[in-house]
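# predicted model follows, preceded by the sequence.
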Amino acid sequence: MSVTVRVPAKVNLQLGVGPLRDDGYHDLVNVFHAVSLFDEVTVTEGPLAVTVEGASIEGVPTGPENLAARAAVLLAGHLGVEAAASIHIRKEIPVAGGMAGGSADAAAALLGCAALWNPGLPLKTLMELGGQLGSDVPFALLGGTAVGVGRGEVLTPLPTSGEYHWIFALAEGGLSTPAVYAECDRLRAAFEEHAVWPHESPALLAALAEGDAKALGAALTNDLQPAALSLMPSLQRTIAAGRDFGALGALVSGSGPTCAFLAGDAEHAADIAAALRGAGVARAAVAASGPVPGATVL
Ligand SMILES: C[C@@](CO)(OP(=O)(O)O)[C@H](O)COP(=O)(O)OP(=O)(O)OC[C@H]1O[C@@H](n2ccc(N)nc2=O)[C@H](O)[C@@H]1O
Ligand SMILES: Nc1ncnc2c1ncn2[C@@H]1O[C@H](COP(=O)(O)OP(=O)(O)O)[C@@H](O)[C@H]1O
């Protein structure tokens, strides 16, 4: 028997990063938004294995360290069953791109394996297990738009109106999430900036509730952006180009290096994507929309 799960990428609409905690993590205010770039994960009963296909899959492990395999092993342990899951990942989400592709695959594997081994398992249990695998995994199960606090794993769905049109400029190569957090701490220390306790942005929440893309564009923020730009200065040109081409908002997605641009409608998004491709400031530029549902069995 086999189950296929479709799971979305995320962009962070607000990433407020608090001080470094004793456990090596930062307290966050992390406004997640699921967008229509998807990985597809097929789980088939059989010996534990991972295969990956996609146009750009360099760096994705196929051994037990793949987050999808770790998810299968964690769930099997929780249920007291054998981790008999042969996992195939069709990758569209950029790797190490700040769009939570690995977390998405872990979420999809949890849902797919649960469908095979214990179909009645509550989503809440899967989200708790997901939080043990990575801070972004619970959101990939939930989808939509939500604010995450703690490490980002304690989620509250946010009310939104309408559909938002995005362009994602993909970079050559990736950025390591721990390295970007470490660079954020280094820059803060170097400039004697004291990390303040982050709060949800009232302007952002109002824009989302009203479906006001222009106001949302103006309210997008990412405290990791200076660190990502410091590690990959070429991203400054990418961000500037998107603004020049009329994006309503522009920022690095999470820990980067993918850059996200907000457009007024689908046509505007297609125009900005074409202009970014023509300007040669990105490996690729793809249009997508949000919010979309979280991991879903097909
Ligand atoms: C930055 C964000 C924004 O959503 O994602 P990406 O943009 O990389 O996808 C997340 O905070 C990444 O979440 P995730 O990729 O699940 O990270 P984890 O596996 O939990 O942690 C990896 C490492 O990132 C750092 N980390 C992560 C979360 C957090 N709140 N504080 C941290 O300092 C720690 O160094 C940790 O060891
Ligand atoms: N299923 C997976 N897909 C992608 N990367 C994975 C996966 N499992 C483990 N990884 C590792 O996680 C790293 C971060 O990948 P990813 O989740 O795509 O990026 P980000 O954390 O920037 O959103 C990769 O470089 C890779 O080594």
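Perfect, thanks for sending it. Since the structure is predicted, the reported quantities are computational estimates derived from the model, not experimental observations. Residues are numbered from 1 along each chain as shown. Ligands and ions are numbered 1, 2, ... in the order given.

# give the buried residues for whatever helix or strand Lys10 lives in.
Under DSSP states H and E, the secondary-structure element containing Lys10 is strand 2-20. Neighbour-count burial for strand 2-20, with 16 or more other C-beta atoms under 10 Å as criterion, is recorded at 3-18, 20. Backbone N, C-alpha and C define where each C-beta goes, glycine included.

# tell me how far that strand lies from the chain's centre.
On the basis of C-alpha atoms, centre = their mean, to the nearest Å, strand 2-20 is displaced by 3 Å from the centre of the chain it belongs to.

# do the same with stretch 48-61
With C-alpha atoms, centre = their mean as the basis, the mean position of stretch 48-61 lies at 18 Å from the chain mean.

# the nearest residue to Met127 once chain neighbours are set aside: how many residues sit nearby?
Distance criterion C-beta to C-beta, 6 or more residues apart in numbering; nearest residue to Met127, sequence neighbours excluded, is Pro138 at 4.2 Å. When neighbours are defined as other C-beta atoms under 10 Å, Pro138 has 30 of them.

# repeat that for Val147.
Using other C-beta under 10 Å, Val147 has 22 neighbouring residues.

# which residues does it contact?
29-32, 155-156, 158, 200 (C-beta atoms under 8 Å, 6 or more residues apart in numbering).

# return the subset of these lying in strands.
Using DSSP state E, the members of those that fall within strands are 29-32, 155-156.

# return the closest of the residues you listed with respect to Val73.
If you rank the ones in strands among the contacts of Val147 by distance to Val73 using C-beta to C-beta, Leu155 comes first, at 23.7 Å.

# ok, that closest one touching Thr145?
No. Using C-beta atoms under 8 Å, Leu155 is not in contact with Thr145, being 10.5 Å away.

# overlap of the contact sets of the two?
Between them, Leu155 and Thr145 have Phe32 as joint contacts when contacts are counted by C-beta under 8 Å, 6+ apart.

# which residues does Lys10 bridge with?
Taking DSSP bridges, one obtains Ala34 as the residues bridged to Lys10.

# again with the one 4 residues further on
Going by DSSP bridges, Gln14 is paired in beta bridges with Val31, Thr221.

# would you mind measuring from it to Ala284?
Taking C-beta to C-beta, to the nearest Å as the criterion, Gln14 is separated from Ala284 by 26 Å.

# residue in the stretch 151-298 of the chain nearest to ligand 2?
Using C-beta to the nearest ligand atom, Thr177 is the residue of the stretch 151-298 of the chain that sits closest to ligand 2, at 4.5 Å.

# please name the nearest non-neighbouring residue to that residue.
Looking at Thr177 with C-beta to C-beta, 6+ apart, the closest residue is Ser255, at 4.5 Å.

# three-state assignment of the one you found?
Classification of Ser255 into helix, strand or coil gives coil, according to DSSP: H, G, I helix; E, B strand; the rest coil.

# roughly how far apart are it and Thr156?
22 Å.

# same check on Glu183?
For Glu183, the distance to Thr156 equals 29 Å [C-beta to C-beta].

# pick out whichever of these two has more residues nearby.
With other C-beta under 10 Å as the criterion, Glu183 and Thr156 differ in neighbour count, and Glu183 comes out ahead with 20 against 10.

# you'd agree the more buried one is up against Ser230?
Yes. Using C-beta under 8 Å, Glu183 and Ser230 qualify as a contacting pair, with a distance of 5.6 Å.
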